[in-house]
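Q: Build me a structure from this.
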Amino acid sequence: MSETPAQVQTTDPAIGPAIRFVRRSDYSQWLPLWEGYNKFYGRFGETSLPDAITQMTWTRFFDAYEPVHALVAEDEGQLVGLVHYLFHRTTISIAPICYLQDLFTKESIRGKGIGRNLINAVYDQAKLAGSPRVYWQTHESNSTAMKLYDKVAERSGFVVYRKNI
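A: Just a heads-up that it's a prediction; the model follows:
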């Protein structure tokens, strides 16, 4: 992943933290955000993700052949949020679709527009990639996040089914 100035997303400091691509040097600040995200969804302690998954996820962000990307919100040198997204093929479009997979902000700064800015930055990256759509899922109990999501996107009406194999 290239970090050219044209690709870096920023916001007005009066509006909120800068949104930019993750850098290799961000690992020590990214990791607690990633762990916080996973803890929110019950993946901690005995149910934690194996370290190999975390390491592979991190590595993918910097592999030009991987469709997985990461942006972070940085406020005064500290990472306060992350968003991970990927592009994939679909049978209903020639262009790839963008899936916003993970979104997390530090609890202490929620409600200040950082989540919205991270989502908007993914929208911008999807437009640059020629993707006609961004979509994501959240747990039905995540009512706080859904208040934001209902403002920045529309519910698709689809119900997700899955089976672990």
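Q: average model confidence for stretch 22-37?
A: Average pLDDT, stretch 22-37: 97.
Q: in that stretch, what's buried?
A: 22, 23, 26, 29, 30, 33, 34, 35, 37 (16 or more other Cβ atoms under 10 Å). Quick note: C-beta positions are derived from backbone N, CA and C, even for glycine.
Q: Quick one: name whatever helix or strand follows the top helix by length along the chain.
A: Counting by DSSP state H, the longest helix found in the chain is helix 114-129. The first helix or strand that comes after helix 114-129 along the chain, using DSSP states H and E, is strand 134-135.
Q: Adjacent strands (with direction) for that next one?
A: The pairing partners recorded for strand 134-135 under DSSP bridges are strand 93-105 (parallel).
Q: ok, and for the strand it pairs with, which residues are buried?
A: 96, 97, 98, 99, 100, 101, 102, 103, 104, 105.
Q: which one among those residues gets closest to residue 90?
A: Within these, proximity to residue 90 (Cβ to Cβ) peaks at residue 97, which comes in at 4.9 Å.
Q: That closest one contacts residue 135, correct?
A: Yes. Counting by Cβ atoms under 8 Å, residue 97 touches residue 135, with 7.0 Å between them.
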